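Undergrad: here is the input, now give the coordinates:
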Amino acid sequence: MTNVAGPTRGTERADVADRAASRTCAARRRGSPRRREPYVRESHTCAARVHTRARERVYTGAAFRPLASGHPPSKAQASRVASASRSAARAMEGFVETFQALGKHLVLLAVPFVVVHFGTKYYETKEPPPDPDAPPRIFAGADPFGEDLKDALVARLRKKGYDVVDGGTGAYYDVASTVAKQVQRSRNGRGLLMCGTGMGMGIVANKFTGVRAATVENVDAARCSRAINDSNVLCLGGKMTSPADGAKILDAWLAQKFGIAPGNPAPAWWSTDVETFVKGKWPALEKVEAESRKH
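TA: Just a heads-up that it's a prediction; the model follows:
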């Protein structure tokens, strides 16, 4: 084991010498300012050396080396160790008090979040799923080319007792975006969009996750869009479809169920294999959609 007591004692002897020199200089500080100046400077120099060695002992751990090496500490060293221990204890007590006070505030801030979060989850789980047989809420909108067709179909739906939210008329991309978001938020809602051909509305609406917009021009296509793709937004062209044909398409679209043969009797191509494929395709489609969002 390395003996570190020698250098420590030597440092203490240097401290004693510097303190004695500082006291001697202090005693000689008499007379005129010019006679006192050399003694004042020497006294300050001695004191500075004492403080410098003290800092070095603290930084290098010299105050604790005699304890680690097995040598009995001097009174000065024991005093430094005790002082350092008391300072560490006070610092730890202050840290604990600060942490406890901060913890109380964090708890008070976290309580509303926990209540809202778990309360929302509770009510979400308790809310019954939408009734598939209940009439859906319809969100409608059009651009100037599809406004007349939209007004005619909205009036027809309201006459039949449907809850219709008419978003009015605007640029096709703004209207399609608004209706798509409404369908996303609704648990049992569907969209009805009309522009000149219905294609622009469908392109924009299909950019929103969970929206399945179908642009159709006849009754058979409307039924297939529901039976095969479970479309939740119907897009029609005000310049392609008359109000009378639009009413037939809309009625067939609303009546058709997903996964059920489109039409009665069922078309010749509909089979059990087709029905199984249609109902089991969603995981693969969701994977394709997720990959498309990465680019």
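Undergrad: from here on, just use CA atoms for contacts and neighbour counts.
TA: Will do.
Undergrad: in which helix or strand would I find D166?
TA: strand 164-169 (DSSP states H and E).
Undergrad: can you check Y162 too?
TA: With DSSP H and E as criterion, Y162 is part of no helix or strand.
Undergrad: so in that sheet, which strands flank the strand holding D166, and in what orientation?
TA: Using DSSP bridges, the strands paired with strand 164-169 are strand 137-142 (parallel).
Undergrad: contacting residues around the partner strand?
TA: Strand 137-142 has contacts (Cα atoms under 8 Å, 6 or more residues apart in numbering) with 147, 150, 154, 162-170, 172, 175-176, 179, 182-183, 188-195.
Undergrad: buried ones among the residues you listed?
TA: Neighbour-count burial (16 or more other Cα atoms under 10 Å) applied to the contacts of strand 137-142 gives 147, 150, 154, 163-166, 169-170, 172, 175-176, 179, 182-183, 188-195.
Undergrad: separation between the closest residue to C195 other than its chain neighbours and V154?
TA: Counting by Cα to Cα, 6 or more residues apart in numbering, C195 lies nearest to G146, which is 4.3 Å off, once chain neighbours are set aside. Distance, G146 to V154, by Cα to Cα, to the nearest Å: 12 Å.
Undergrad: with T276 instead?
TA: 35 Å.
Undergrad: now do A244 against D148, distance only.
TA: In terms of Cα to Cα, A244 sits 12 Å off from D148.
Undergrad: who's more crowded, these two?
TA: D148 (16 against 11; other Cα atoms under 10 Å).
Undergrad: might one say that the more buried one is in contact with K239?
TA: No. Using Cα atoms under 8 Å, D148 makes no contact with K239, being 9.9 Å away.
Undergrad: what about the strands in the stretch 101-250 of the chain?
TA: Ranges of strands in the stretch 101-250 of the chain, per DSSP state E, counting those that start in this stretch, are 137-142, 164-169, 189-195, 213-215, 233-237.
Undergrad: do you know which of the ones you listed lies nearest A290?
TA: strand 213-215 (17.7 Å; Cα to Cα).
Undergrad: pull out the buried positions in the closest one.
TA: 213-215.
Undergrad: now do stretch 200-210
TA: 200-206, 208, 210.
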